[in-house]
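In: coords please:
(chains A, B, C, D and E)
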Amino acid sequence: MNEHTIGVAPRAVQREIDAVPEVVHADVPPRMTLIDYSAQHFVERVIDDPAECEDYRKADSVTWVNVDGLQNAAVLERLSKAMGFHLLTLEDILNTDLSPKIEDYGEYLYVVAKMLEVDRESQRIRVDQLSLVLGPNYVVSIQEEAGDPFEPVRNRIRNAAGRLRRSGADYLAHALLDLVVDQYFTVVDWVGERIEALDESVTEDERGDLMQQLYALKRAVIFLRKTIFPLRDVVSTLRNIDSDLVRESTQPYLRDLHDHVVQLADRIDTGRDLLSGLQDVYLSTLSNRTNTVMKIVAVFSSVFLPLTFITGVFGMNFEFMPLIHRSWGFALSVVGMLLIVSAMLGYFRYKRWL
Amino acid sequence: MNEHTIGVAPRAVQREIDAVPEVVHADVPPRMTLIDYSAQHFVERVIDDPAECEDYRKADSVTWVNVDGLQNAAVLERLSKAMGFHLLTLEDILNTDLSPKIEDYGEYLYVVAKMLEVDRESQRIRVDQLSLVLGPNYVVSIQEEAGDPFEPVRNRIRNAAGRLRRSGADYLAHALLDLVVDQYFTVVDWVGERIEALDESVTEDERGDLMQQLYALKRAVIFLRKTIFPLRDVVSTLRNIDSDLVRESTQPYLRDLHDHVVQLADRIDTGRDLLSGLQDVYLSTLSNRTNTVMKIVAVFSSVFLPLTFITGVFGMNFEFMPLIHRSWGFALSVVGMLLIVSAMLGYFRYKRWL
Amino acid sequence: MNEHTIGVAPRAVQREIDAVPEVVHADVPPRMTLIDYSAQHFVERVIDDPAECEDYRKADSVTWVNVDGLQNAAVLERLSKAMGFHLLTLEDILNTDLSPKIEDYGEYLYVVAKMLEVDRESQRIRVDQLSLVLGPNYVVSIQEEAGDPFEPVRNRIRNAAGRLRRSGADYLAHALLDLVVDQYFTVVDWVGERIEALDESVTEDERGDLMQQLYALKRAVIFLRKTIFPLRDVVSTLRNIDSDLVRESTQPYLRDLHDHVVQLADRIDTGRDLLSGLQDVYLSTLSNRTNTVMKIVAVFSSVFLPLTFITGVFGMNFEFMPLIHRSWGFALSVVGMLLIVSAMLGYFRYKRWL
Amino acid sequence: MNEHTIGVAPRAVQREIDAVPEVVHADVPPRMTLIDYSAQHFVERVIDDPAECEDYRKADSVTWVNVDGLQNAAVLERLSKAMGFHLLTLEDILNTDLSPKIEDYGEYLYVVAKMLEVDRESQRIRVDQLSLVLGPNYVVSIQEEAGDPFEPVRNRIRNAAGRLRRSGADYLAHALLDLVVDQYFTVVDWVGERIEALDESVTEDERGDLMQQLYALKRAVIFLRKTIFPLRDVVSTLRNIDSDLVRESTQPYLRDLHDHVVQLADRIDTGRDLLSGLQDVYLSTLSNRTNTVMKIVAVFSSVFLPLTFITGVFGMNFEFMPLIHRSWGFALSVVGMLLIVSAMLGYFRYKRWL
Amino acid sequence: MNEHTIGVAPRAVQREIDAVPEVVHADVPPRMTLIDYSAQHFVERVIDDPAECEDYRKADSVTWVNVDGLQNAAVLERLSKAMGFHLLTLEDILNTDLSPKIEDYGEYLYVVAKMLEVDRESQRIRVDQLSLVLGPNYVVSIQEEAGDPFEPVRNRIRNAAGRLRRSGADYLAHALLDLVVDQYFTVVDWVGERIEALDESVTEDERGDLMQQLYALKRAVIFLRKTIFPLRDVVSTLRNIDSDLVRESTQPYLRDLHDHVVQLADRIDTGRDLLSGLQDVYLSTLSNRTNTVMKIVAVFSSVFLPLTFITGVFGMNFEFMPLIHRSWGFALSVVGMLLIVSAMLGYFRYKRWL
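Out: Below you'll find the predicted structure:
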């Protein structure tokens, strides 16, 4: 499946806001951490062999296995076997080009989402695929890259008095997705700020590349739509799923999460509308500018072409010409020119052409 | 949740019709008023401690608690506890960046709506979030800012003979939402008038910023869509909700409210269509203007370039040139020029180029 | 409710096709007529006091009360009481800014529709709101303005042998709506003819205001969509309503009515598509015209600028210049100019620039 | 109903691809033919009086009555009575401005479709309305105009061994509709070929009316959409109808017919997309052409205006001027001009302006 | 049915990306291969007479008949008879202009899909129609052209230990469709790369045909939409079909296939959005270029027209003119000209016109 992991859209979008074209795929070796907890007990450790997970999984306490990096397919295969995943789940975990989706395998739910992050230095949006497997009393989270944003959740688990310690695996899954969605807000706000910035400079276009900037932001919005909109359905399915894996008590939190994703979708659509409005403003600015430049040409043509013609007339070498031998000839010609020019400008002004 | 309360869209839209970019967030301390009434009795007082509400809530009479301002989260938390709200309801009340929605918590319904107001001085639309909680015999209304528009409802309650005094909490909630929707009509009409004004000046564009004005109105319409369209679903859900909190006798009033929101949606969409039509008119006006200016250039080029050439010919310093030594040479050259010009202009007119 | 009866859209649209901006609201006092009939008997009279209707309503025969003009709210209130209307029905009757809709109040159905008429003299579409109340054996029709188009229905009732005399109140309501829809055909055809007329003149634009005409027709089409499209749902609801008020035998006639409204919707959408196509044609005509004008400038610049330069060269006052003292100098320069011009024009023609 | 048979769209579209504006309504008197057949027997005759149909209808054999021309409403009324049609069916048959539709009258199904034909000589699409009435053992087909395309079906019936002879009236109706749809393919392909032809000439526009051609084809596509798309629903309703009139064994043939109509809809939409793409290409070609013409002007202005200025300088009549009395003055000025021109052209080329 | 196999769209699209206009229809004689297998046994042979298939079909083992080429209708008719296909299935197999679809004939499922391939040499997308018939224990695959891409599946069958050998005919059908979809990825990626390439050159347009390239890619995207989107419904129907022909155990694989097609649809839509964005960029680039060229004209007109006028004034032949007899006259005129020019340029710069 891996051969078509780099497709039109993601690769294209990646490039849109930056100079560095490749997706960042740091070559960090996979790292597995395991947290096992209940209201009373708490274990946190790094594991090397996926088989170690198996005992924890069988215990009643909630087990969270987090994997950073997909480079070592063999390890993931062993993990997959230890946790009892279907072959297609393993394939999906290894395919980093999936759209967000949820699948019910009966014994567990499989969720795919994208993690976004703004790299402000390079002005890029980084994408990272997250696979979440929610079983009866475990959660496995697998990320494409090292450097996960889940530390806040870990801290909440370490805190023995927190709600997480008293809740099940489904609440843990919700907490992880909630963090992912919080990241989206940062990214969407960042794009929003760039749109605002463009809004202020749209009638100026100092660097002459405003349309390219607009296009880059359009690509970013297309990309965000593609990434975030399907999550609406994922969360919605999660809320209405007919499965014991999601408890009644987690429902309000999922409804809350759903609200957030809907809010994001709203903002993205607003961003799109604003961009299309800005484009119209920009194009009409271009037309106005052409008009202004044309008017300069028109004024100079209509004033100086007739005048130059008159000087030409009196510059002809005919032997017998009127006026040229009179002492007031020159003055008369100058007065005549002035009259012609003011008549003309007055006429234009009257016609509102200029 | 509060960290992403200021998002792309609202902030952006706010700015659109005005010079002052920030949203108006007056720093007025929260103010709580309580009205408790039934057909027979009526109490109205300012309260300091939310705990005071609890007794009123337990009584059979209808209790309306109104809170102005969200600055003091602690007070709201105590209120929330006193009224028995879910934790997520409290979070939503404090988050001023929600889209209109309705949520059924079983014991109460939670409604979010936006209150709009035109600040004619600064030419801005002010937004204020309204949270409504409808319980079996109470309504809690919480606004982002002080200065609510609910005085007419208070007067109707103070009037012992009014329908409100004889009806339940659901009718009170309807009355509040009805006022909110009435405000929308004012705002939508205001935007409509501005569109009309633009309509009359679209072919002139004295100030050269017509496209920006169009864009500002487009943003206003996008903003109104975002704010008012979801309310359709909210009212519709309220009508069809399977809950004892909404009585049969309130149904016709909710249907009426729904009609009003649909009417608003209609007008907003008409406004959008008109704006897009106006934009087309404006752009074609620009093109026409370019054409007119070009024609001036064309007329002057085609008339005076040939003439100047002829004067140039007779201005050359060749020793042996025809005509120049004849007394009628000058007159002939002038006649020739006139003929050429009229032939040319006639040809253009015939070809309908000019 | 009356304060927002004049909204963005209707007022705006009204203006679109005419010079006179206000909606025509003739100040004619309300006029009530009553027709009571069955297969055997027929009564037709003008009534002054709505209470007179009450006895007729109670009888088994079909009663049709028609009211022209909404100026006298008190009379309408009394009528409303005499017929037993809900308070909200009265409010809706007095609000002339409603969208077409149907409401089932159990004892009666309330229908709102718009009556359209072309005022060919002033080139305007006149709008009039029609409220229809269909009870078990009565129909009340209330119009905003005097001058109803219902005379043909009255004649059919006066004819003792007609189908109307043998049918119930629901068939009468159908007959009235059918007349309203027939008026729509006239209006839609009138707009269609104007589009056709534009179609023929689109490449000419003698008066220079073609885009404004296009826009006016676009507004007319937007207005017709808004007015006629909701009627589809009204008639559809009427067909499928679960109410004894609409008899089985009236069904085929309602289906026929529905077909007509669908046909109208079709034509309106076609009109919209044609207008948008015409706009594209018009804009490309503008571009073509600019091209033509530009070409004139280009031809004259490219021919006469070089020639004038050459005359300028030989017009310089250097003491020692080639050719000028030769008798064939002038002829040579002329030949040279001709060669240069023809070379240039040939090159342009070869390059297909001109 | 007849008064609004000529509406915006059909009339308008008719005109679109041709010079002759009226719809062709040949004044041929109506002609009725009757074919009555079963596996064993076959009768074919021209009938004058519709009453003759009645006996055939009552027999068990399949009866097909075909009527060409709607001019004689009285004959159609008698036919309608003889066959037992509802009054509204008769009205619909006489109204030639219907959209394709199907109606279930219980005893019979009423289908309206449009027959299309390309008149290659006049480059027009001819429209003809077809009404089909399918009863238990009869089919009545009524066409607006003489000259039906049903001869192939007649031949299949005349052939005693064919499937038609062994099948019921529903299969006959399918065969007629199939022929109608086959005609559509011819028309759609014809339009497709014209689009292809345009595609090849879009960057040339020799005659300067390319946009009008595009518009004419757009109108044709709008017209085909209006005519063919509703047939999808008609055939789909026919497939799923809950009526004894359509036998189980005819189902696969109706599914096949449905496939064809869907295929047509596909092609029409593709045609629309191609046209809109071609329009974009055309408009950008116009812009490019303007650019090219502008560049000619720019080159000549920037080269010859400075040169002419220089010749002007040395053409001034000042008594004391530098250079003019030197023998190498002229040569120097010429060299100077050449230098200036090449510097300028070089600079433009470097800036990539030209 | 064959007469309309070459329609608007496919033919048109074919041409879009290439110079060679015809669809490639190699005249290779049809070739039939048969593979019969179960977990234990495996037969692979070329067959000449379709009747040979019959015995294999009746056996319990899975039979796969593959036919390359539709030239010999008689052979296909015999095959159709041997396998017991409905007449309409045969017709569909022979009609190479179908849209992807699935049909349930009870005893077998009939699937139509398109096979795509990029011919990199001629820069064309080749289309090939694939008909798949899935019976209880057989699959018949029929392709328009020789040269199928199914060798990988054959190899998997030849491998006795593979999953295919242990699975039924439905899994074989899935494997074939999976291969077809894998080909789509190659084609979609190829189009994506071309869009990317355009993206980089959009502001340059060296060859002046960028809009045509954009249009060609638009056609390709329209074509891919038409070809791939209906497959979504086909696979979806296959998943939810109520038929014994598709086993429960094949479900996850079909879900996986569905995911892939959805992913493709996503990328195609992204491609469309990018193309429309690129077009906007291109058109604004054109406008900018016009502006730049216009500015050159404006600068030269506004600088040299006044200067030339001044030289003209002093070139007039009046006897009595000021300055010309003074020794500093020339110098003064030059200084005056310089002042005028710098004032003018300064003014323009101040006004930001240039």
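
In: can you pull out the helices in the stretch 101-250 of chain A?
Out: Counting by DSSP state H, counting those that start in this stretch, the stretch 101-250 of chain A forms helices over residues A:151-158, A:163-166, A:169-201, A:210-240, given from the N-terminal end onward.

In: is the longest one up against chain E anywhere?
Out: No. Looking at helix A:169-201 against chain E by C-beta under 8 Å from any C-beta of the partner chain, there are no contacts, and the closest approach is 13.9 Å. Backbone N, C-alpha and C define where each C-beta goes, glycine included.

In: does that helix reach chain B?
Out: Yes. Using C-beta under 8 Å from any C-beta, a contact is recorded between helix A:169-201 and chain B, made by A:182, A:185-186, A:188-189, A:191-193, A:195-196, A:199.

In: okay, angle between that helix and helix A:151-158 too, please.
Out: 150 degrees (axes from the mean of the first three to the mean of the last three C-alpha atoms, to 10 degrees).

In: buried residues in helix A:169-201?
Out: Of the residues in helix A:169-201, those scored as buried under the neighbour-count criterion (16 or more other C-beta atoms under 10 Å in any protein chain shown) are A:169-181, A:183-185, A:187-192, A:194-196, A:198-199.

In: where does the prediction get shaky in chain A?
Out: Per-residue confidence of chain A (counting by pLDDT under 70) places the weak regions at A:1-29, A:206-207, A:353-354.

In: who does the host helix or strand of residue A:347 touch, helix- and strand-wise?
Out: With secondary structure defined by DSSP states H and E, residue A:347 is part of helix A:329-351. Under the contact definition 3 or more C-beta pairs under 8 Å, 6 or more residues apart in numbering or on different chains; DSSP states H and E, helix A:329-351 sits against helix A:251-315.

In: for chain B, what are the nearby residues on the stretch 151-300 of chain A?
Out: Residues of the stretch 151-300 of chain A found near chain B (C-beta under 8 Å from any C-beta) are A:182, A:185-186, A:188-189, A:191-193, A:195-196, A:199, A:203, A:252-253, A:255-256, A:259, A:262-263, A:266-267, A:270-271, A:273-274, A:277-278, A:280-281, A:283-285, A:287-288, A:290-291, A:294-295, A:297-298.

In: tell me the secondary structure for residue A:67?
Out: Put simply, residue A:67 is strand when judged by DSSP: H, G, I helix; E, B strand; the rest coil.

In: what's the closest non-adjacent residue to it?
Out: Sequence neighbours aside, residue A:142 is the residue nearest to residue A:67 in space, at 4.4 Å (criterion: C-beta to C-beta, 6 or more residues apart in numbering or on different chains).

In: what do you get for residue A:317?
Out: residue B:324 (5.4 Å).

In: what residues sit buried inside stretch A:73-83?
Out: Using 16+ other C-beta under 10 Å as the test for burial, stretch A:73-83 gives A:75-77, A:79-80, A:82-83.

In: partner residues bridging the closest residue to residue A:56 other than its chain neighbours?
Out: Setting aside the residues directly before and after it, residue A:56 is nearest to residue A:63 in space (C-beta to C-beta, 6+ apart), at 4.3 Å. Partner residues in beta bridges with residue A:63: residue A:36, residue A:138, with DSSP bridges as the criterion.

In: surely residue A:252 is in contact with residue B:88?
Out: Yes. Under the criterion of C-beta atoms under 8 Å, residue A:252 is in contact with residue B:88, at a separation of 5.4 Å.

In: would residue A:33 count as being in a strand?
Out: Yes. When three-state DSSP is applied, residue A:33 is found to be in a strand.

In: show me which residues of chain A sit near chain C.
Out: When proximity is defined as C-beta under 8 Å from any C-beta, chain A approaches chain C at residue A:315.

In: can you pull the contacts of residue A:231?
Out: Residues in contact with residue A:231 (C-beta atoms under 8 Å, 6 or more residues apart in numbering or on different chains) are A:100, A:113, A:181, A:261.

In: any idea how far it is from chain B?
Out: In this view, residue A:231 and chain B are 16 Å apart by C-beta to the nearest C-beta, to the nearest Å.

In: contact residues of the stretch 1-150 of chain A facing chain B?
Out: If contacts are counted using C-beta under 8 Å from any C-beta, no residue of the stretch 1-150 of chain A sits beside chain B.

In: and which of the residues of helix A:169-201 next to chain B is nearest to chain C?
Out: Of all the residues of helix A:169-201 next to chain B, the one with the least separation from chain C (C-beta to the nearest C-beta) is residue A:199, at 25.5 Å.

In: isn't that closest one right up against residue A:278?
Out: Yes. Under the criterion of C-beta under 8 Å, residue A:199 is in contact with residue A:278, at a separation of 6.2 Å.

In: tell me which residue in the stretch 201-350 of chain A sits closest to chain B.
Out: Taking C-beta to the nearest C-beta, the stretch 201-350 of chain A has residue A:312 as its residue nearest chain B, at 3.0 Å.

In: now the buried residues of stretch A:73-83 in TSV, with secondary structure and distance to residue C:147?
Out: Converted to TSV, those look like this (DSSP: H, G, I helix; E, B strand; the rest coil; distance: C-beta to C-beta, whole Å):
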residue	secondary structure	distance to residue C:147
A:75	helix	86
A:76	helix	81
A:77	helix	84
A:79	helix	82
A:80	helix	80
A:82	helix	85
A:83	helix	80
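
In: could you dump these to CSV with distance to residue D:316?
Out: Conversion of the buried residues of stretch A:73-83 to CSV gives the following (distance: C-beta to C-beta, whole Å):
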residue, distance to residue D:316
A:75, 90
A:76, 89
A:77, 92
A:79, 93
A:80, 93
A:82, 98
A:83, 96
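
In: so the residue nearest to residue A:317 makes contact with residue B:313?
Out: No. At 10.3 Å, residue B:324 does not count as touching residue B:313 under the criterion of C-beta under 8 Å.

In: quick check: the residue of chain A nearest chain D.
Out: residue A:315 (7.3 Å).

In: to what extent is that residue buried, counted in neighbours?
Out: For residue A:315, the tally of surrounding residues (other C-beta atoms under 10 Å in any protein chain shown) stands at 25.

In: isn't it right up against residue D:316?
Out: No. Taking contact to mean C-beta under 8 Å, the distance of 9.6 Å between residue A:315 and residue D:316 leaves them out of contact.

In: which residue sits closest to the residue positioned nearest the centre of chain A, ignoring its sequence neighbours?
Out: Using C-alpha atoms, centre = their mean, the residue of chain A that lies closest to the mean C-alpha position is residue A:220, 3.6 Å off. Taking C-beta to C-beta, 6+ apart, and ignoring the residues beside it in sequence, residue A:220 has residue A:191 as its nearest neighbour in space, at 5.3 Å.

In: check residue A:320 too.
Out: When the adjacent residues along the chain are set aside, residue A:320 lies closest to residue B:327, with 4.6 Å between them (C-beta to C-beta, 6+ apart).

In: for that neighbour, grab phi and psi.
Out: Phi and psi for residue B:327, reported as degrees, to the nearest 10, are phi -70, psi -30.

In: look up how far residue C:330 lies from it.
Out: Computed as C-beta to C-beta, to the nearest Å, the residue B:327 to residue C:330 distance reads 20 Å.

In: try residue A:220
Out: As it turns out, when the distance is counted by C-beta to C-beta, residue A:220 lies 69 Å from residue C:330.

In: before we move on, back to that, gap between the residue nearest to the centre of chain A and residue A:344?
Out: 52 Å.
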